[in-house]
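J.: Sequence below, structure please.
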Amino acid sequence: MGISLTRAAQWTMVSSSTAKLASTPMNESLLKEILHFVEHFSSQHPQEAEHVFEEPLQWSTTLVPSDFKTDYDISDSDVQSHERDSEGHPLLQLSPPTVYVRSFSQLSKLLHLADDKKLAEVRACLEGKFESNLHPKQSNHQHSSITHRLNLFQDMDKQILDKLLKDISEQVRLNPKAVKNEVEILQMFCGGGDKGLLKSLRYTSDFQFSNGYRAPLWRQVQGDICYLVIEPCDTETLYITCSTAGSFLNGVRLENGYERTSDAYEDLVTLLKSRSPHFADKINQTYRVLIVCLIKKAEVALVYFRKTSAGALPGELFSESSTESEEEEEQPYRHPETNTDLPSEYWQIQKLVKYLKDGDQIVTVDTLCAMMDFNLMQESCQMAIQDTGGLKVLLNLLDTDEHKCKIGSLKILRTISHNSQIRRVIVDMKGVQSIVKILDSPVKELKALAAETIANVAKFRRARRNVRLYGGINKLVKLLDCLPNFASLTPSQEEDIEVACCGALALWSCSRSTKNKKAIRKAGGIPLLGRLLKSPLQKMLIPVVGTLQECASEESYRNDIQTLGMIKDLVRNLSSDNDELQMHCASAIFKCAEDKQTRDLVRKYKGLQPLVSLLHKADNKQLLAAATGAIWKCSISQENVTKFQEYKALEILVNLLTDQPEEVLVNVVGALGEFAQIPANKAAIREFGGIKPLVKLLTSPNQALLVNVTKAVGACATNKDNMVIIDQLDGIRLVWSLLKTPSADVQSSAAWALCACIENAEDAGETARSLIGGFQLIVKLLSSTNNEVLASICAAICKIAKDEENLAILTDFGVVPSLAKLTNTTHDRLRHHLADAIAQCCMWGSNRASFGEAGAVAPLVRNLKSKEGSVQRSTAMALYQLSRNPNNCITMHEKEVVQPLIHMMGSDDEELQEAAAGCVRSIRLLYMANRNAELFTFRN
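T.: Numbers count the residues shown, from 1 in each chain. The predicted structure follows:
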């Protein structure tokens, strides 16, 4: 524990001779790790735990004699353990408040007695008076075990450091990538005498760890990333530490090593500006640099530089890093502007913000009204408010008791929160909490404005989480509870509707998070949304349907949408004249139509024809993607496909196979795959010219599209004329090549398509052999861990092995042992196709005997107990083929296969009857042959 305590632990000096562990997250983690080690040391290393320390551990404890039970001599003022060392000293002695412990065994027992005070005892022990060396008392025969105990402590040290490094890496504010980019930018402008920003900048170490850090491991625990030596043009050399907490001067020049000797700055540029007037002057007055920071997974990328005046030096440098991996939208770059670039509105708003800070209530209201006269959607106006601290003032106004000030503040916040940068500042300033509180206000206008502001702010995950944590979801759901008579609205009801619309908008934004979806449902939001769905008002319907289609990704919501009768309203609104409303309705149907009952309801309420009519709005790609998605899912039911054919949907879908974005193509191809399940539609797809674009899409990099394309191509390939075209377009090779993709879904779908292609191609055997490495790939995929991949590959092997030459090649590549390894599976679909593959592979050479030797027979006998008829039939056929080998018959008989086979001989399935009877016949013939041989031997 030496390195952990001296280097990782953070100590504070209470006096000149006393140090205490600081109350920091790192120390808490360190204490928990040490506690875990000590508690388990006795059980993991019982022999080492019994050894006695040279000097006892000694500290002030909170334990009292009554806390101790058996194994101790207990008096009113003293506790001693029964266990003693060779000199008669007790291994544990309590003289309140001081405790003395001489072995790990007793230390572990004491911590067990401490119960919920364990961490406090560990902290007191580490701060107490004891020798840093915990070696046991040595004797000659013990010397050989010292190295072992040292290794245990060193391993524990390393584990603690690794754990702390991992914890720190998840909490950093800066990261090595951000620091590296900033250093590289500055290095580009070093040199050139007084014209340069710096004379030189270099790392103290050229070695870089795999995590990007250059600091030693034990300093990484403290958050250090790297160390720099920077030589400015006008001051002495600077020795700088870049850490996760910022950049600061260290004590190298003063021979104090890593000790911090200055404040920590957010980046290198800020530190250098504070230390070098020359650097600050060049940065602030002469030049400008344009850096686009892409904040994604804490990575910063330098995109380009642009000079604004003669020379070659950059101006305002900045680099950002983000630990918010949760942020969903890219942060837009705010272009730096010189004074001459800024419009007059910028300065006027800045003056208004000053009045806002210093004025009384009347001045504040007048100032807010004056600010609203500006175009607050203009970025320069938004930045003027932010740059002068106006956001903080606006948020503070929300905590006042003046309704007029709150309304004015919310109107401004509602507008400027369209800016993603301002949204984040609002969240950082705890503004969400203040806005959520206003949802309880009795003033309807305030509630509506607050909800609308939340709708804008909750565009990213952290904001949505804050809304939920501050109780905003329940409050927003309550805003939906209005029962107006839409035929004749009173002014009060109109206000209620406006509040409900704003509440639905806010819930729509919040519903993009899974936990918020659950919170909305728990708060009773689904029935209220269903009630508002009957509204004739489009401004109400759009956020309501938008929320429903977001939530429909959850199965519980889909069930509620169906059972509460919302499908009828969604279908009704498909005929709306508003494209956005149509899009959200189609998207909701797309997600809900996974369920058969929902698909039937869409047909029942005559929603199929409106979906087809939406396909004519091909210029609106979002609407087209939603409509094609709904058609795809609805076409899973063959009754719906029949209706779609009446509305001429197939030809329109085929025409959408070209010049469309991928989100549309995925849905179109998925629909065609379902349409192609009907034989007549396979020919129709060919006649409409759909085969060629389908085959062309087999080269797409989109995995979802590839899954649907292979399914569609496989369905079309069962038509002989279609297969001719697919073969001419080299479709078999393209499908086969998809088996190499890392996606299990694509592999499975491609293998099923391959089955159809091989079965219907004119010379599939020769085609398969012409694919270099194809058979090796097929056999290799039998080691996949995905059951669907395995089932599809077994089905493909069954088709390929029908060609005798292909079967011989597969045998040479080890298909028999690979198939035999899968026979213990409990997955019925895999059992079915595995048995088919085994039966087909038995047709070559000594494969029957090889399957028996590989242990495939006994598991197949067990598979006869499956309740799936397809598994029973395939297994019986495989056993029939295997029974033509005598040794396999013996194994089958031993596993009592005869009785279930005799039962299957009475099945209505003729194939199953014949296979079962054939297998029993083989066993019977072998039995008779053995009996005749025995009789012959007896007579002789």
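J.: ok, the residue lying closest to Gln703 once chain neighbours are set aside - how many residues close by?
T.: Residue nearest to Gln703 in three dimensions, not counting chain neighbours: Ser743, with 4.8 Å by C-beta to C-beta, 6 or more residues apart in numbering. C-betas here are computed from N, CA, C, even on glycine. Using other C-beta atoms under 10 Å, Ser743 has 16 other residues around it.
J.: residues contacting Ser743?
T.: 703, 706-707 (C-beta atoms under 8 Å, 6 or more residues apart in numbering).
J.: and those residues as CSV, adding neighbour count, distance to Leu228 and pLDDT?
T.: As requested, the contacts of Ser743 are exported to CSV (neighbours: other C-beta atoms under 10 Å; distance: C-beta to C-beta, whole Å; pLDDT from 0 to 100):
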residue, neighbour count, distance to Leu228, pLDDT
Gln703, 15, 44, 92
Leu706, 25, 48, 94
Val707, 22, 50, 94
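J.: what would the residues you listed look like in TSV with distance to Val920?
T.: TSV is the format used below for those (distance: C-beta to C-beta, whole Å):
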residue	distance to Val920
Gln703	48
Leu706	46
Val707	43
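J.: Would you mind pointing out the helix or strand Lys447 falls in?
T.: Taking DSSP states H and E as the definition, Lys447 sits inside helix 444-457.
J.: what is the mean pLDDT for that helix?
T.: On average, the pLDDT along helix 444-457 is 94.
J.: C-terminal to that helix, what's the next element?
T.: Later in the chain than helix 444-457, the nearest helix or strand by DSSP H and E is helix 461-469.
J.: What mean pLDDT does that following helix get?
T.: 93.
J.: cool, and stretch 197-215?
T.: Stretch 197-215 comes out at a mean pLDDT of 88.
J.: Stretch 895-902 too?
T.: Here the average pLDDT along stretch 895-902 is 85.
J.: Residues contacting that stretch, please?
T.: In contact with stretch 895-902 (C-beta under 8 Å, 6+ apart) are residues 857-858, 861-862, 864-865, 876, 879, 892, 916-917, 919-920, 923.
J.: For those, give me CSV that also has distance to Pro536, neighbour count and secondary structure.
T.: Shown next, in CSV, are the contacts of stretch 895-902 (distance: C-beta to C-beta, whole Å; neighbours: other C-beta atoms under 10 Å; DSSP: H, G, I helix; E, B strand; the rest coil):
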residue, distance to Pro536, neighbour count, secondary structure
Val857, 70, 28, helix
Ala858, 69, 16, helix
Val861, 67, 21, helix
Arg862, 63, 15, helix
Leu864, 62, 19, coil
Lys865, 60, 10, coil
Ala876, 63, 30, helix
Leu879, 67, 29, helix
Met892, 72, 25, helix
Ala916, 66, 29, helix
Ala917, 70, 16, helix
Cys919, 70, 27, helix
Val920, 72, 21, helix
Ile923, 76, 21, helix
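J.: Out of those residues, which is nearest to Ile74?
T.: Taking C-beta to C-beta as the measure, Ile74 sits nearest to Arg862 out of the contacts of stretch 895-902, at 62.6 Å.
J.: Please name the nearest non-neighbouring residue to the closest one.
T.: Lys895 (7.7 Å).
J.: burial measure for the one you found, as a count.
T.: Quick note: Lys895 (other C-beta under 10 Å) scores 15 neighbours.
J.: do Ser575 as well
T.: 14.
J.: measure the residue nearest to Gln703 to Lys780 for me?
T.: From Ser743 over to Lys780 the distance is 16 Å, taken as C-beta to C-beta, to the nearest Å.
J.: what sits against Ala856?
T.: By C-beta under 8 Å, 6+ apart, the residues touching Ala856 are 819-820, 823, 838, 882.
J.: mind running it again at 10 Å?
T.: 816-817, 819-824, 834-835, 838, 848, 850, 878, 882, 888, 891 (C-beta atoms under 10 Å, 6 or more residues apart in numbering).
J.: now Ala114
T.: Contact partners of Ala114, counting by C-beta under 10 Å, 6+ apart, are 35, 61-63, 67, 120-122.
J.: quick check, nearest of the residues you listed to Pro97?
T.: Thr61 (6.0 Å).
J.: tell me the pLDDT at the closest one?
T.: 88.
J.: mind checking how far it is from Ser509?
T.: Separation of Thr61 from Ser509 (C-beta to C-beta): 54 Å.
J.: between those two, who's got more neighbours?
T.: Ser509 (25 against 21).
J.: What about Asp267, how many residues nearby?
T.: Around Asp267 there are 20 residues (other C-beta under 10 Å).
J.: Repeat that for the one 3 residues further on.
T.: Residues near Thr270, counting by other C-beta under 10 Å, number 16.
J.: Name the helix or strand for the residue lying closest to it once chain neighbours are set aside, please.
T.: Excluding the flanking residues, the one nearest Thr270 by C-beta to C-beta, 6+ apart is Ser247, at 7.7 Å. Per DSSP H and E, Ser247 falls inside strand 246-251.
J.: What of Glu184?
T.: Here Glu184 sits within helix 176-187, counting by DSSP H and E.
J.: That helix versus strand 246-251: what angle between them?
T.: Per axes from the mean of the first three to the mean of the last three C-alpha atoms, to 10 degrees, the angle that helix 176-187 makes with strand 246-251 is 70 degrees.
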